[in-house]
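A.B. asks: Structure for this input, please:
(chains A and B)
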Amino acid sequence: MKRSMLFIPGNTPNLLINGNCLGADMVIFDLEDAVSPDEKDSARVLVRNTIKYLNFKSLGTIVRINSVDTDYWKKDLDEIMPYTPDMIMLPKTGCPADVLKADAYMTELEKKLGLAKNTVKLMLLMETAMGVENAYASASASDRVGAIFLGAEDLTADLRCKRTKEGREIEYARQRMVVAARAANVDVYDTPFTDVNDDEGIRIDAETAKAMGFTGKASISPRHVDAINEVFSPSEKDINYAYEVMDAIRLAKEQGRGAIALHGKMIDAPIVARAQQTIAAAVELGLGREA
Amino acid sequence: MTKLVKNIREAIELSGLRDGQTISFHHHLRNGDFVLNMVMEEIADMGFRDLTVNASSLFDCHRPLLTDIENHVVTRLMTDYVSAGIGHAISEGIMDTPVEFRTHGGRAADICSGETPIDVAFIAAPSSDPMGNCTGKFGKSACGSLGYAMPDAMHAKKVVVITDNLCDYPLQGWSIPETCVDYVVVVDAIGDPKGIVSGTTKITRDPVGLVMAKNAAKVIKASGLLKDGFSFQTGAGGASLAAASFLKDMILKEGICGSFGLGGITGYMVDMLNEGCFKNLMDVQCFDLKAVESIKNDPRHIEIAADQYASAKARSSVTDNLDIVILGATEVDTDFNVNVHTDSTGYLMGGSGGHSDTAAGAKLSMIIAPMFRARLPIVCDHVAAVSTPGKDIDVLVTQGGIAVNPSREDLAEAIKAAGLPLIGINELKAKAEALTGKPAPLAHGDKVVAKIIYRDGTEPSPIYSVK
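C.D. replies: Numbers count the residues shown, from 1 in each chain, chains lettered A, B, ... in the order given. Presented below is the predicted three-dimensional model:
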């Protein structure tokens, strides 16, 4: 279960070598916005060597390459693909054509490298009005897409509105992204909370995202990782309830009953599905046992 | 009667100081101290030779002392800590006799027991009355506690108080009483306030430091010591303060109230006191302005002498009742011995201070250190200097895992049960070396430039000159 993903600038060796101990479920090695044009080459090499030589086995590794409308993205892929990160993050994904362009080049590289197709997945960063509107079409454009991710900073600039801590201005985008991701059967990640000193704010923002259906949330600061992990982990109350649901189902089957109730509420298929998801997550995180 | 004399020279003359004797200084004015240099300038000018200086710590502001050493005005040095400017000169062999490094508790114990008698103590005092009742709690050069000066004042044959804030008799709230003091000298300034205490001490923002700090707090919780009545000491370093910050959140969440916080007190410990984490602070030294304000105004913030803080020879000392201490290290070896005296090139740049005292006394002594600094792993086969022996260190917290001293199987079990990343110290060393490579052994010169005198009087390792 991947709840948190932490951005690490590709030109910061101290953070790169420590990226596997900062608590995040996934790390995003950034070759795009965090790296100035004159450092693109060195950052590529640093990120390549980080993946090649350091042990990130227990984490998901994502590399944010430069967007397909720049001169950098192919060089990024040439350098990184041989070391098979879990995902390539494609920034400023606007439409399915962007996805297909990246997919085609990644397929070509996989063939050259003798890798199976789709060894490296795509995470689509949607951070423009066009990107959000096309979320489902892009997410379902290729079976290489494993997740989509909302980037609210660029999006609000494109929307010509102010980014706020409360996030009213991105409510629609969040909802559309979640619906698109679930329809395309891929994961969906929420935008980072940018005030690194606001411990309360990150928790509230993560709770909002979780309530809307996001899989997890990105962070630009290691300080936020714990809060994200906690919020996106099933709570003790949720886990206990899930076990109660599964016990009630088992008992009903043994007794040959169809309709069953728990604490006065009918248990139907969606409730069972949610209980199964909760238990699976709890088991993966070491918080519970198999039902 | 008055003890006021017209200047430092007159006080030196009246003290009866002779060649070959021992003079002492405290370090509460830290890197802003003017007093040691003012006194030494007079002493050199008066033609004294072959003196021993016993200073609780020496900072870079004291570099003029190096000239006195070169001119044989000073031929023997005893201290608990040196900063790099002085340390480099010692490492390069400026002294013929090895410098004696004690712990803060060890220095106090040896002064009190007469092991290291002091002939004349020069005590910088931010406020004093004409009879020598003095304190550091107020005045333009306020430094807070005068804990390290107290054993000197109690046991030196002659005591000279030097102040820049002469108050009416009797001074209220004195730290050192007139009964100890022979002479009082008024000068324009005893120090530079900017170097005496920092405006604020800050929690680290370094992500790696925060990871270590968070794990340190979790180890403390796992140890079972975090319960009503606990006691705690931490340093003023960014990661140590961050650990205290995480610990504070746990304490407040669980509604625990500790007995006391000890140290070296920072504003952060004052905040913990004010938020109900402790009933008291026991303060041998203030690190920042908030701590100075607190010790002046809050009776729960108690000034203590260095011997009460950490003397192994006293009937009891506060470190004997310490539950948890968080400490730093420049190197740790696979036997958990810690070096805080020398840097990676072998130069002196520190000292035990209260490191060994608190490690020996605390039920849980924890080192927080990064797995490597620059390109050098923190864990090595043998430390260049044994500042604190491994038997007194329980656990090392790094970003690469938590290594527990094999003598603390109980702690290892508790840490494992808490789901924290336990790692063997040899494995941790290998993990760091896989990234950095194995450093070549550090070559040193033949001359012994310093000796570490542990708090029990043993001398665990000499420190050699640099090559």
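A.B. asks: how many neighbours does the residue of the stretch 201-350 of chain B found nearest chain A have?
C.D. replies: Taking C-beta to the nearest C-beta as the measure, the stretch 201-350 of chain B has B:Pro207 as its residue closest to chain A, at 3.8 Å. To be clear about C-beta, it is placed using only N, CA and C from the backbone, and glycine gets the same treatment. Burial of B:Pro207 is recorded as 23 neighbouring residues (other C-beta atoms under 10 Å in any protein chain shown).
A.B. asks: Not counting residues beside it along the chain, what's closest to it?
C.D. replies: Nearest non-adjacent residue to B:Pro207, counting by C-beta to C-beta, 6 or more residues apart in numbering or on different chains: A:Pro222, 3.8 Å away.
A.B. asks: what's the answer for A:Asn18, then?
C.D. replies: B:Val208 (4.9 Å).
A.B. asks: quick one: the one you found is in a helix?
C.D. replies: Yes: the assignment for B:Val208 (DSSP: H, G, I helix; E, B strand; the rest coil) places it in a helix.
A.B. asks: can you list the residues of chain A near chain B?
C.D. replies: A:14-15, A:17-18, A:21-23, A:54, A:221-223, A:226, A:286 (C-beta under 8 Å from any C-beta of the partner chain).
A.B. asks: give me the number of residues near the closest residue to chain B within the stretch 51-200 of chain A?
C.D. replies: Nearest residue of the stretch 51-200 of chain A to chain B, counting by C-beta to the nearest C-beta: A:Leu54, 7.4 Å away. Using other C-beta under 10 Å, A:Leu54 has 16 neighbouring residues.
A.B. asks: ok, it touching A:Ile17?
C.D. replies: Yes: assessed by C-beta atoms under 8 Å, A:Leu54 is found in contact with A:Ile17 at 6.4 Å.
A.B. asks: any common contacting residues for these two?
C.D. replies: Listed as contacting both A:Leu54 and A:Ile17 by C-beta atoms under 8 Å, 6 or more residues apart in numbering or on different chains are B:Leu435.
A.B. asks: The residue of the stretch 1-150 of chain A found nearest chain B: what's its closest spatial neighbour, skipping adjacent residues?
C.D. replies: Among all residues of the stretch 1-150 of chain A, A:Cys21 sits closest to chain B, at 4.5 Å; criterion: C-beta to the nearest C-beta. Of all residues not flanking A:Cys21 in the chain, B:Gln399 sits nearest, at 4.5 Å (C-beta to C-beta, 6+ apart).
A.B. asks: Tell me the residues on the stretch 101-250 of chain B that lie near chain A, please.
C.D. replies: So the stretch 101-250 of chain B meets chain A at B:Pro207, B:Val208, B:Leu210, B:Val211, B:Lys214 (C-beta under 8 Å from any C-beta).
A.B. asks: at 7 Å what do you get?
C.D. replies: B:Pro207, B:Val208, B:Leu210, B:Val211 (C-beta under 7 Å from any C-beta of the partner chain).
A.B. asks: In JSON lines, list these along with pLDDT.
C.D. replies: JSON lines is the format used below for those (pLDDT from 0 to 100):
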{"residue": "B:Pro207", "pLDDT": "85"}
{"residue": "B:Val208", "pLDDT": "89"}
{"residue": "B:Leu210", "pLDDT": "89"}
{"residue": "B:Val211", "pLDDT": "90"}
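A.B. asks: Mark which of the residues you listed are buried, thanks.
C.D. replies: B:Pro207, B:Val208, B:Leu210, B:Val211 (16 or more other C-beta atoms under 10 Å in any protein chain shown).
A.B. asks: Quick one, grab the pLDDT at B:Ala222.
C.D. replies: On pLDDT, B:Ala222 comes in at 97.
A.B. asks: Okay, helices next: where are they in the stretch 251-400 of chain B?
C.D. replies: For the stretch 251-400 of chain B, helices defined by DSSP state H, counting those that start in this stretch occupy the ranges B:267-274, B:289-297, B:306-310, B:355-361.
A.B. asks: cool, and the stretch 1-150 of chain B?
C.D. replies: Going by DSSP H, counting those that start in this stretch, the stretch 1-150 of chain B shows helices at B:8-15, B:35-45, B:64-70, B:84-91, B:104-113, B:150-155.
A.B. asks: Equivalent analysis for chain A, please.
C.D. replies: Assigned by DSSP state H, chain A shows helices spanning A:13-18, A:40-53, A:73-80, A:96-113, A:129-133, A:135-139, A:152-159, A:171-184, A:199-212, A:225-232, A:236-254, A:269-284.
A.B. asks: and the fourth one, what does it pack onto?
C.D. replies: Here helix A:96-113 is seen to pack against helix A:73-80, strand A:87-90, strand A:121-126, helix A:135-139 when contacts are counted using 3 or more C-beta pairs under 7 Å, 6 or more residues apart in numbering or on different chains; DSSP states H and E.
A.B. asks: and what of the fifth one?
C.D. replies: Taking 3+ C-beta pairs under 7 Å, 6+ apart as contact, the helices and strands that helix A:129-133 lies on are helix A:152-159, helix A:171-184.
A.B. asks: Looking at the record's assignment, how would you partition the chain?
C.D. replies: Going with chain A. Domains of chain A are assigned by automatic domain parsing as A:4-232, A:236-284.
A.B. asks: Sorry, I should have been clearer: chain B.
C.D. replies: According to automatic domain parsing, the ranges for chain B are B:4-196, B:207-442.
A.B. asks: Give me the pLDDT value at the residue of the stretch 101-250 of chain A found nearest chain B.
C.D. replies: Residue nearest to chain B within the stretch 101-250 of chain A (C-beta to the nearest C-beta): A:Pro222, separated by 3.8 Å. Note for A:Pro222: predicted pLDDT of 88.
A.B. asks: so who does it touch?
C.D. replies: Shown in contact with A:Pro222 (C-beta atoms under 7 Å, 6 or more residues apart in numbering or on different chains): A:Leu6, A:Leu22, A:Gly23, B:Pro207, B:Leu210, B:Val211.
A.B. asks: now the first one: how far from A:Phe56?
C.D. replies: When distances are taken as C-beta to C-beta, to the nearest Å, A:Leu6 and A:Phe56 turn out to be 12 Å apart.
A.B. asks: now do the fourth one
C.D. replies: For B:Pro207, the distance to A:Phe56 (C-beta to C-beta) stands at 16 Å.
A.B. asks: what do you get for the last one?
C.D. replies: For B:Val211, the distance to A:Phe56 (C-beta to C-beta) stands at 16 Å.
A.B. asks: do the same with the second one
C.D. replies: Applying C-beta to C-beta, the value for A:Leu22 to A:Phe56 is 11 Å.
A.B. asks: neighbour-wise, which of those two wins?
C.D. replies: A:Leu22 (23 against 16).
A.B. asks: thinking that one is in contact with A:Met5, fair?
C.D. replies: No: A:Leu22 is not in contact with A:Met5 according to C-beta atoms under 7 Å; the separation is 11.2 Å.
A.B. asks: show me the contacts for A:Phe149.
C.D. replies: A:Phe149 is in contact with A:Met89, A:Met123, A:Leu124, A:Leu125, A:Met126, A:Tyr189, A:Ala218, counting by C-beta under 7 Å, 6+ apart.
A.B. asks: how about 10 Å then?
C.D. replies: If you count contacts by C-beta atoms under 10 Å, 6 or more residues apart in numbering or on different chains, A:Phe149 has them with A:5, A:28, A:62, A:64, A:87, A:89-91, A:93, A:123-127, A:177, A:181, A:187-192, A:214-218.
A.B. asks: And A:Leu54, by the same measure?
C.D. replies: So A:Leu54 contacts A:Leu16, A:Ile17, A:Asn18, A:Gly19, A:Asn20, A:Thr61, B:Ala434, B:Leu435 (C-beta under 10 Å, 6+ apart).
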